[in-house]
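1. Here you go, sequence then predicted model.
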Amino acid sequence: MAEKEVILTAEGLKKIETKLEYLKAIRRREVAERIKQAIEFGDISENSEYEDAKNEQAFIEGEILTLEKMLRNSKVLDGAAIGTEMVALGCTVTLKDLEYGDKLKYTLVGSAEADPSELKISNESPVGEAILGQKVGSVIEVNVPAGILQYEIIDIERE
């Protein structure tokens, strides 16, 4: 089965590479030291420190595998090729909530980079799917559990 392509911006690629390097170079060593100290306490069958460190090691190794897989399957967006005629991955889009009049500004990214706290939404999210391929002036409807939200696209920028 083919693995899913991971679409990243150049910034997102750098973030993942930095995190992977941190996990491999620093966190692995820290956890190995914790395991070593816990073993020095004696019997490991009833040693909660040892158990906790082993669980953390498993978590870190799992995260490393996930990040390596993402990088192996990544496709980095060419920032220069991103236009502003229609919404595409890597664009920053200003939306106007037609019910309340609020303006919202989001950057559309692949799901691996999505972080709503940084106003980066996934192309697979309901809003991301609805705005993808639309032009300035388009009114979109987004189906959410609370009903239907309507937004107007008022600007498309390239970062």
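-> The structure has been received and is ready for your questions.
2. you'd agree Gly110 is up against Gly90?
-> No: using CB atoms under 8 Å, Gly110 makes no contact with Gly90, being 9.3 Å away. Placement of C-beta: from N, CA and C, glycine included.
3. And the two? Which one has more around it.
-> Taking other CB atoms under 10 Å, Gly110 and Gly90 do not tie; Gly90 has more neighbours (26 against 23).
4. Contacts only, for that one.
-> 9, 77, 79, 82, 107-109, 158-159 (CB atoms under 8 Å, 6 or more residues apart in numbering).
5. Give me the subset of the residues you listed lying in strands.
-> Counted as lying in strands by DSSP state E, out of these, are 107-109, 158.
6. Would you mind writing the ChimeraX command to select the buried ones in those residues?
-> Buried residues among these (16 or more other CB atoms under 10 Å), as a ChimeraX selection:
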select :107,108,109
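7. mind checking which helix or strand the residue lying closest to Glu157 once chain neighbours are set aside is in?
-> Among residues not flanking Glu157 along the chain, Thr92 sits closest, at 4.5 Å (CB to CB, 6 or more residues apart in numbering). Using DSSP states H and E, Thr92 falls within strand 91-97.
8. For that strand, buried residues please.
-> 91-96.
9. same check, this time on stretch 141-156
-> In stretch 141-156, counting by 16+ other CB under 10 Å, buried: 142, 149, 151-153, 156.
10. gap between Val31 and Ala25?
-> Applying CB to CB, to the nearest Å, the value for Val31 to Ala25 is 12 Å.
11. Of the two, give the one with the bigger neighbour count.
-> Between Val31 and Ala25, counted using other CB under 10 Å, the more crowded position is Val31 (21 against 9).
12. just the strands in this protein please.
-> Counting by DSSP E, the strands of the chain are 6-8, 74-76, 91-97, 103-109, 120-122, 139-144, 147-158.
13. And those strands: which comes nearest Ser48?
-> Of all those, the one in closest proximity to Ser48, counting by CB to CB, is strand 6-8 (36.9 Å).
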